[in-house]
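Visitor: Fold the following and give me the result.
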Amino acid sequence: MSDPHPARASSEKEDKRTFLQKLAEFIHPGPDSRAELIETLADAEDKDVIGPESRVMLEGVIRLADLTAGDVMVAAPRMDLINIDSPYDELLHGVIETAHSRFPVFEGDRENIIGILLAKDLLKLQRAPELNIRALLRPASFVPESKGLNDLLREFRGNRNHLAVVVDEFGRIAGLITIEDVLEQIVGEIEDEFDIDEDEGDIFALADRTYRVSGDTSVERVNEAFGVTLAPDGEADDDPKFETVGGLIAHAMGHVPKRGERLVLGGLQFVVLHTKGGAVRWFKVSPVENGGKPA
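Guide: Down below sits the predicted model:
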């Protein structure tokens, strides 16, 4: 015999809350919007129910639903791409300079992305030079700018890709996005091999007798380490003072430095190795001789 009240039976079956839970929710209703939910999290932190790091992470999860790939992608002009027709030495140099683990590979035109190259796969070419680099390419994943980060993170986990190429509404390359870019919206900036702890130092000697210097290194420390006096050309008493070498170099260049740009200042040549968030993270530094060439 069929149930004369199927809707009521279904409702009663789904609602498993206890009487006390229902009463508590009636007296203290839950948040009706994301804004109220975020306020609730702030109240929970104030009452020591959750810690500040937990609150920030939970807020990141909530806001993730409102963000798209286009909001956090690396724009196309800033993408580090590899030309499939480049010689092996040039490929290797580019990989070492940028220090990424994955690279979109193009053929002919930068818009023609034909696959993804993993930096570690280049080692296979050293062991077997007869290999064709095309055989090392992984399929490229393409996503629209409007792709929600929630859905994108689910796809990253499902297909084990860590990088996707972002295309605009006309099918042109708009940029790229990595799983790290998505996760940083939840947990904050993720440190990589270029990031340093405060107690790990900021100037490192390299095998080619040059130095890797963090952009956050103080100007005073660089002056002491290299025996120079760094200052913008024509510095006057009313010129701005800079605490970090990154700020000083940006001022001397007159713009935000880009990877590969060079500047000679105070007897040192600075080459921009790595930028992130609009700031220089690492310089390659070498002393210059009187003729202006690196020593």
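Visitor: Kindly check the end-to-end length of stretch 79-96 for me.
Guide: 15 Å (Cα to Cα, to the nearest Å).
Visitor: Next, the buried residues of it.
Guide: Applying a neighbour-count criterion of 16 or more other Cβ atoms under 10 Å, the buried positions in stretch 79-96 are 79, 80, 81, 82, 84, 91, 92, 94, 95. (Glycine included, C-beta is placed from N, CA and C.)
Visitor: Just the CA coordinates for the strand or helix carrying residue 60, please, in CSV.
Guide: For residue 60, the element it lies in under DSSP states H and E is helix 52-64. Output in CSV follows, covering the C-alpha atoms of helix 52-64 (Å, rounded to 0.1, in the frame of the first residue of the first chain):
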residue,chain,number,x,y,z
PRO,A,52,43.5,33.6,13.1
GLU,A,53,45.1,31.2,10.6
SER,A,54,42.0,29.0,10.6
ARG,A,55,39.8,32.0,10.0
VAL,A,56,41.8,33.3,7.1
MET,A,57,41.8,29.8,5.5
LEU,A,58,38.0,29.4,6.0
GLU,A,59,37.4,32.9,4.5
GLY,A,60,39.6,31.9,1.5
VAL,A,61,37.4,28.8,1.0
ILE,A,62,34.3,30.9,1.1
ARG,A,63,35.6,33.5,-1.3
LEU,A,64,37.0,30.9,-3.7
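Visitor: Looking at the buried residues of stretch 79-96, spot the one nearest residue 241.
Guide: For the buried residues of stretch 79-96, the residue nearest residue 241 by Cβ to Cβ is residue 80; the value is 33.6 Å.
Visitor: Now do the residue nearest to that closest one when sequence neighbours are not counted against residue 253, distance only.
Guide: The shortest distance from residue 80 to any non-neighbouring residue, by Cβ to Cβ, 6 or more residues apart in numbering, is to residue 98 (4.7 Å). Going from residue 98 to residue 253 by Cβ to Cβ, to the nearest Å gives 20 Å.
Visitor: Also residue 65?
Guide: To residue 253, residue 65 is 39 Å away according to Cβ to Cβ.
Visitor: Which positions in the helix holding residue 60 come out as buried?
Guide: Buried, per 16+ other Cβ under 10 Å, within helix 52-64: 55, 57, 58, 59, 60, 64.
Visitor: Repeat that for stretch 105-124.
Guide: Here stretch 105-124 shows 105, 106, 113, 115, 116, 117, 118, 119, 121, 122 as buried, counting by 16+ other Cβ under 10 Å.
Visitor: In a helix, the last one, correct?
Guide: It stands for residue 122. Yes - per DSSP: H, G, I helix; E, B strand; the rest coil, residue 122 lies within a helix segment.
Visitor: Please read off the pLDDT at it from the model.
Guide: Predicted confidence (pLDDT) for residue 122: 82.
Visitor: That one and residue 91 touch, don't they?
Guide: Yes - using Cβ atoms under 8 Å, residue 122 makes contact with residue 91 at a distance of 6.6 Å.
Visitor: For the residue nearest the centre of the chain, list the residues it contacts.
Guide: Among the residues of the chain, the one closest to the centroid is residue 181, at 5.2 Å (Cα atoms, centre = their mean). Each residue near residue 181 by Cβ atoms under 8 Å, 6 or more residues apart in numbering is listed here: 72, 73, 74.
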